[in-house]
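Participant: quick one: sequence and predicted model below, then my questions.
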Number of protein chains: 2
Amino acid sequence: MSSNLKDVAKLAGVSTATVSRVINNKGYISKKTKRKVIKAISELNYLPAKTARFLAKKGQTHNIAIISGERVLDSIFSHPDEFYTVVVKGITDFAKKHRLNTHFMKMEEAEYIYDGYLLLGGEITDNYIKELKTTQKPIALVDQYIPGLKIDCVVSDGYDGAIYGIENLIQKGLRKIVALHGPLSHFGFKDRYDGYIAAMEKHGLLPKTYEYDEIGNNMSALIDLLLKTYGKPDAIFGTNDTAAIRAMEELKNRKFKVPEDISILGFDDIVSASTVTPSLTTLKIFKYELGSVAARRLFTLLMGEEEHPTKTSLFTHFIKRDSTI
Amino acid sequence: MSSNLKDVAKLAGVSTATVSRVINNKGYISKKTKRKVIKAISELNYLPAKTARFLAKKGQTHNIAIISGERVLDSIFSHPDEFYTVVVKGITDFAKKHRLNTHFMKMEEAEYIYDGYLLLGGEITDNYIKELKTTQKPIALVDQYIPGLKIDCVVSDGYDGAIYGIENLIQKGLRKIVALHGPLSHFGFKDRYDGYIAAMEKHGLLPKTYEYDEIGNNMSALIDLLLKTYGKPDAIFGTNDTAAIRAMEELKNRKFKVPEDISILGFDDIVSASTVTPSLTTLKIFKYELGSVAARRLFTLLMGEEEHPTKTSLFTHFIKRDSTI
DNA sequence: ATAATGAATGTAAGCGGTTTCATAAAGGAG
DNA sequence: CTCCTTTATGAAACCGCTTACATTCATTAT
């Protein structure tokens, strides 16, 4: 099949060490030998095996920085079930397996001495990323995407998830589906919002959306507005579980039955989604995998595989519970 | 730092071979030894190094199938600069480096005997994918995404690219920007279309779109329609270069100056984009990388890293030429 | 002429696993 | 009580590559 160092060495009539030197352009090699080796390499169409190379280099133990804003960092170590805590577990497990040393820090405290950077969550600012980018070190954003920056990122696929969820509702015969969404400046909400629109349009239904504020405090007023301007919907899609649950409460206060009168669909699968009554149908975000995939991405970059920057979106999983028919 | 087989063996008081047997659940191991080893493993928090394992397994040379529709397959070998020809080069180069044997075939001819499958382009049908999925073998789509299927895919990021391109036009002071787009059932067009909408809305501009047919034959009529219903735009965004160039021709026929009167932005960076007059400003798709990234994805899957399915989007590159101010 | 220096190459020991083969102990059959 | 098979384990080779160290040969300084 494909050839290896030994084959090349034999053909060129030299030792494997010499071939290795030519490949890595390291140490002394005479012009003549170099030519012979290069000839043999191209003749055999030889390409070094990355895995072996990595192994031989003693599995280079890289140091990577995991950087986040203050709020995120605090929550990581104190709340075991919190979103980022799980993400971080995914990162550290991968890191251990692949011999990366992880170092946690806040944005302000970060030094530029690491081999790579994992930037966690939405608290990271544009400017900080741009500044960090100048260090030329590999960087990957986790749960954050910034259009136009062309920086590697790993996120949950809100678009795909929303389409899947909405189509499920449509299949159940629900038609009047409205979306309650958070600020669209947040890429996550925007993504889910777009998925909702796409699904509705695909099925010739009229989308209708209402925006709640960051904290979701205006939910009571928002539901009033919705009922007044739109009438009773068949279903409500909340772009995150917290908002969906809050909306559900408001509807129950107004004597609507969930899901008989109105179905509710969330997004996230937070802990309380399964404990609330009725339990919330939602799209599960794979937090642990978010971390491990991001770590793998950074790892690939660290390995020097000259890779094109990508946005990696993890598909979500639709979890049918009791808040939808 | 992190521990290895030897460490575990020493702690458990057995040989490395025994530990390996326990890990792989292979060969004879007594209950007692197994317990000891497992205890040592968890005590040391040991995780096997994937690279070493791969290497030791003789660098398992996998066989992968590259499957496409008839049209794509034909073009691959005959036209050196064609889209998929370049993509395939990216795949095969990666494959060689990582000891994957590639086999090309059409959908109809494919047997289910390969270790993994790379499905190329839009000719692949939904049903075929679903059928193939039942083989449980790793699969990755290249330049194709199907909402809701949750199957690994690698595509070009039309959304991000379009935003970047449109924002560039806006920065130049252009306001009346319309989009000519192909059928939105094609995920690629839809993606770029969504990006256009997002960019316009973000800047408080009114989006206006016109759809051309698959082949782009109706361009003359479409331009007439555009001029009649919208008036003269400042700029036109075509969701692919072919359409953009055709639109540019039509405008020139109608005595408009490009870019003085109207700027034209394409998407793809096909060969003729740089040779046409005026040369076309466009968003370059990285075809070669599309292939190599997809191959890497499949490779990861083949390595048995139990990975969550993802959609990987490659960022595009904005190429400023003469068709825009 | 001789020692010291540097260039060019080879030998062999890992990197962290897997696996073949050998060996030993424990049963079961005759 | 032997002989053979099964079970359990370890020693060592190997996967493809890198690299420290050893060796050889040609220069150059003394």
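Facilitator: Yes, it's here. Numbering: from 1, shown residues only, chains lettered A, B, ... in the order given.

Participant: establish whether the least confident helix or strand in chain A by mean pLDDT and DNA strand D are in contact.
Facilitator: None of the helices or strands of chain A scores lower by mean pLDDT, DSSP states H and E than helix A:50-56, at a mean of 82. Yes. For helix A:50-56, a contact with DNA strand D is found by Cβ under 7 Å from any atom of the strand, at A:52-53, A:55-56. Any C-beta I mention is one placed from the backbone N, CA and C, and that applies to glycine too.

Participant: what's the most distant pair in those residues?
Facilitator: A:53 and A:55 (7.2 Å; Cβ to Cβ).

Participant: which of the residues of helix A:50-56 next to DNA strand D are buried?
Facilitator: A:52-53, A:55 (16 or more other Cβ atoms under 10 Å in any protein chain shown).

Participant: that older thread, packing partners of the least confident helix or strand of chain A?
Facilitator: Packing partners of helix A:50-56 (3 or more Cβ pairs under 8 Å, 6 or more residues apart in numbering or on different chains; DSSP states H and E): helix B:50-56.

Participant: anything in the helix it packs on near DNA strand C?
Facilitator: Yes. Helix B:50-56 lies within reach of DNA strand C by Cβ under 7 Å from any atom of the strand, at B:52-53, B:55-56.

Participant: hey, C-alpha coordinates of the helix or strand that that helix is followed by in CSV?
Facilitator: Downstream of helix B:50-56, the first helix or strand assigned by DSSP states H and E is strand B:62-68. Provided in CSV are the C-alpha atoms of strand B:62-68 (Å, rounded to 0.1, in the frame of the first residue of the first chain):
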residue,chain,number,x,y,z
HIS,B,62,-9.2,1.9,5.9
ASN,B,63,-11.1,1.7,2.7
ILE,B,64,-13.4,4.6,2.1
ALA,B,65,-15.9,5.1,-0.7
ILE,B,66,-16.3,8.5,-2.4
ILE,B,67,-19.8,8.5,-3.8
SER,B,68,-21.4,11.0,-6.1
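
Participant: by contact count, what packs against strand B:62-68?
Facilitator: helix B:83-97, strand B:100-106, strand B:116-120, helix B:287-302.

Participant: helices or strands up against the first one?
Facilitator: Spelled out, it's helix B:83-97. Against helix B:83-97 (3+ Cβ pairs under 8 Å, 6+ apart) you get strand B:62-68, helix B:70-78, strand B:100-106, strand B:116-120, helix B:287-302.

Participant: in it, which residues are buried?
Facilitator: By neighbour count with 16+ other Cβ under 10 Å, helix B:83-97 contains the buried residues B:83-92, B:94-97.

Participant: if you average pLDDT over each of the helices and strands packed on helix B:83-97, which is lowest?
Facilitator: Mean pLDDT is lowest for helix B:70-78 among these, at a mean of 86.

Participant: other residues contacting it?
Facilitator: B:68, B:82-85, B:88, B:104-106, B:120-121, B:123 (Cβ atoms under 8 Å, 6 or more residues apart in numbering or on different chains).

Participant: residue A:304: neighbouring residues, count only.
Facilitator: Neighbourhood size, residue A:304 [other Cβ atoms under 10 Å in any protein chain shown]: 12.

Participant: now it, what's its secondary structure?
Facilitator: What DSSP: H, G, I helix; E, B strand; the rest coil gives for residue A:304 is coil.

Participant: put together TSV for the helices and strands packed on strand B:62-68, with distance to DNA strand C on each row.
Facilitator: Converted to TSV, those look like this (distance: least, Cβ to the nearest atom of the strand, whole Å):
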stretch	distance to DNA strand C
helix B:83-97	18
strand B:100-106	18
strand B:116-120	19
helix B:287-302	15
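
Participant: the helices and strands packed on helix B:83-97 into a markdown table, with extra columns for mean neighbour count and distance to residue B:203?
Facilitator: Output for the helices and strands packed on helix B:83-97, formatted as a markdown table (neighbours: other Cβ atoms under 10 Å in any protein chain shown; distance: least, Cβ to Cβ, whole Å):
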| stretch | mean neighbour count | distance to residue B:203 |
| --- | --- | --- |
| strand B:62-68 | 23 | 39 |
| helix B:70-78 | 16 | 38 |
| strand B:100-106 | 16 | 45 |
| strand B:116-120 | 24 | 37 |
| helix B:287-302 | 24 | 30 |
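
Participant: in CSV, list these along with distance to DNA strand D.
Facilitator: Formatted as CSV, the helices and strands packed on helix B:83-97 follow (distance: least, Cβ to the nearest atom of the strand, whole Å):
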stretch, distance to DNA strand D
strand B:62-68, 13
helix B:70-78, 28
strand B:100-106, 14
strand B:116-120, 20
helix B:287-302, 16
